[in-house]
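Undergrad: model the structure of this input:
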Amino acid sequence: MPRTLDPELRSALAERVRYCHEMGIYDFYRRESQISPVTEAEIFASATVSEAESEPREEMTARKSAVVSTVDQGNKFETIVPRPEHGVTDPAAALKLIREDLGDCTRCKLHKQGRKQIVFGVGNPRAELMFVGEGPGADEDTQGEPFVGRAGQLLNNMIKAMGLRREDVYIANIVKCRPPGNRQPERDECETCSPFLMRQIATVKPKAIVALGATAAKNLLAISAPMSELRGRWYDFKPAGSDPSWAGARLAVTYHPAFLLRDPRQKGETWKDLQMVMKYLGIVPPKKAAE
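TA: Predicted structure coming up:
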């Protein structure tokens with residue numbers, strides 16, 4: 001016979017689910033065991049990390065680095081509360097549902113610290129390549145689109161040098177609201193916003209992701225290491241709750257365009273990182289860009 005939950009417990013669980021939905025968390029899992037599924041219910045959110053680093057430094061405190069591997073949960077967990085976009089086969093429509101779910105977000109303090117609007121993401125919803133930066137700046141906050149200022153123009157040049165167009169890729173940020181004074185996003189802000197980014201990634205299903213700068217790398221990979229150690233290698237990446245038929249993406253790390261504006265000497269190193277990405281995706285750059 002089906003178990004009848006105590007009314008107070010049912011009410012508490014319903015309140016917890018509503019709270020998680022407000023935070024953008026929709027994946028709940030239940031372990032298959034002899035223990036009560038109610039007491040064993042676990043909420044799994046996409047991996048986020050603490051204390052993002054500012055772009056000007058482009059370096060993170062040294063710590064043992066690690067490759068993030070995707071763990072195939074198989075039948076070990078049963079999804080019991082789907083996200084709104086689950087079952088939507090058109091990625092453009094799914095991204096629209098995620099944006100609607102985000103709403104006029106007030107989940108973290110950034111909404112009352114001077115932001116003009118939410119900067120969600122832009123580009124091809126079926127892109128093979130996705131770029132993830134830190135957060136919106138003043139121009140992005142005004143226009144509502146990521147990477148449209150000076151750093152955005154440089155990113156456009158980087159994309160063009162690869163033989164692609166801006167509309168061929170998908171571009172997003174770790175946080176979707178401009179931090180005041182362009183400061184680095186704080187831990188709670190990243191952790192609050194990250195589930196929506198993970199849902200965007202799971203919807204686009206890119207073959208490759210480029211983390212632009214230390215903050216993006218640290219939050220996506222959940223590791224802390226100098227940029228010199230993070231660059232030049234691939235990481236397996238797949239957000240929790242993704243379509244099981246999707247193998248996941250490979251993630252590379254390079255410098256943020258804003259950092260390159262301050263230190264153009266690193267453009268050559270960035271080009272090496274992009275060449276690694278192009279090789280993986282089978283992209284042949286224009287001759288001028290390759291010279």
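
Undergrad: show the contacting residues for the nearest residue to Ile283 once chain neighbours are set aside.
TA: The shortest distance from Ile283 to any non-neighbouring residue, by CB to CB, 6 or more residues apart in numbering, is to Gly163 (5.5 Å). No exception for glycine: its C-beta is placed from N, CA and C like everyone else's. Taking CB atoms under 8 Å, 6 or more residues apart in numbering, we find Gly163 in contact with 278, 283-286, 289.

Undergrad: one more time with 6 Å
TA: For Gly163, the contact set (CB atoms under 6 Å, 6 or more residues apart in numbering) comprises 283, 285-286.

Undergrad: closest to Met158 out of those?
TA: Nearest to Met158 among the contacts of Gly163 is Pro285, at 10.8 Å by CB to CB.

Undergrad: not counting sequence-adjacent ones, nearest residue to that closest one?
TA: Nearest one to Pro285, counting by CB to CB, 6+ apart, is Gly163 at 4.6 Å.

Undergrad: gap between the one you found and Asp101?
TA: Separation of Gly163 from Asp101 (CB to CB, to the nearest Å): 35 Å.

Undergrad: try Lys267
TA: Lys267 is 38 Å from Asp101, by CB to CB.

Undergrad: sec struct for the residue nearest to Ile283, please.
TA: The three-state label given to Gly163 by DSSP: H, G, I helix; E, B strand; the rest coil is coil.

Undergrad: check what pLDDT it gets.
TA: Per-residue confidence (pLDDT) for Gly163: 96.

Undergrad: can you report phi and psi for it?
TA: Per-residue torsions, Gly163: phi 90, psi 20 (degrees, to the nearest 10).

Undergrad: distance check, it against Gln275.
TA: Gly163 is 11 Å from Gln275, by CB to CB.

Undergrad: distance of the closest residue in space to Gly248 that isn't next to it in sequence from Ala92?
TA: Leaving aside its chain neighbours, Gly248 sits nearest to Lys238 (3.1 Å; criterion: CB to CB, 6+ apart). Distance of Lys238 to Ala92, given as CB to CB: 21 Å.

Undergrad: same question for Ser224.
TA: 35 Å.

Undergrad: quick one: the helices in this protein?
TA: 7-22, 91-102, 138-143, 150-161, 187-204, 214-221, 227-230, 257-262, 267-281, 287-290 (DSSP state H).

Undergrad: tell me which of these sits most buried.
TA: Highest mean neighbour count among those (mean count of other CB atoms under 10 Å): helix 214-221, with a mean of 27.

Undergrad: got any ranges where the chain has weak pLDDT?
TA: For the chain, the stretches with pLDDT under 70 are 1-81, 288-291.

Undergrad: same thing but at 50, please
TA: Within the chain, the segments meeting pLDDT under 50 span 2, 29-57, 59-80, 289-291.

Undergrad: show me the residue at the heart of it, geometrically.
TA: Centrality entry for the chain: nearest residue to the mean C-alpha point is Leu197, 4.0 Å, by CA atoms, centre = their mean.

Undergrad: can you tell me the closest non-neighbouring residue to that one?
TA: Ala172 (5.9 Å).

Undergrad: again with Trp271
TA: Closest to Trp271 by CB to CB, 6+ apart is Ala161, at 7.3 Å.

Undergrad: look up how far Leu281 lies from the one you found.
TA: 14 Å.

Undergrad: go on, Asp243?
TA: Counting by CB to CB, the gap from Asp243 to Leu281 is 20 Å.

Undergrad: Pro91 touches Pro125, doesn't it?
TA: Yes. Pro91 is within contact range of Pro125, at 3.9 Å (criterion: CB atoms under 6 Å).

Undergrad: Gln266: neighbour count?
TA: Number of residues near Gln266 (other CB atoms under 10 Å) recorded here: 15.

Undergrad: residue contacts, it?
TA: With CB under 6 Å, 6+ apart, Gln266 has these contacts: 255, 260.

Undergrad: the same query, at a cut-off of 8 Å, please.
TA: 255, 259-260.

Undergrad: closest to Ile201 among the residues you listed?
TA: Tyr255 (20.8 Å).

Undergrad: now do the same contact list for the closest one.
TA: Counting by CB under 8 Å, 6+ apart, Tyr255 has contacts 58, 212-213, 227, 266, 269-270, 273.

Undergrad: how about stretch 106-114: buried residues?
TA: 107-108, 110 (16 or more other CB atoms under 10 Å).

Undergrad: distance to Val204 added to those, as TSV?
TA: Listed next are the buried residues of stretch 106-114 as TSV, based on distance: CB to CB, whole Å:
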residue	distance to Val204
Arg107	22
Cys108	23
Leu110	24
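
Undergrad: cheers, nothing more for now.
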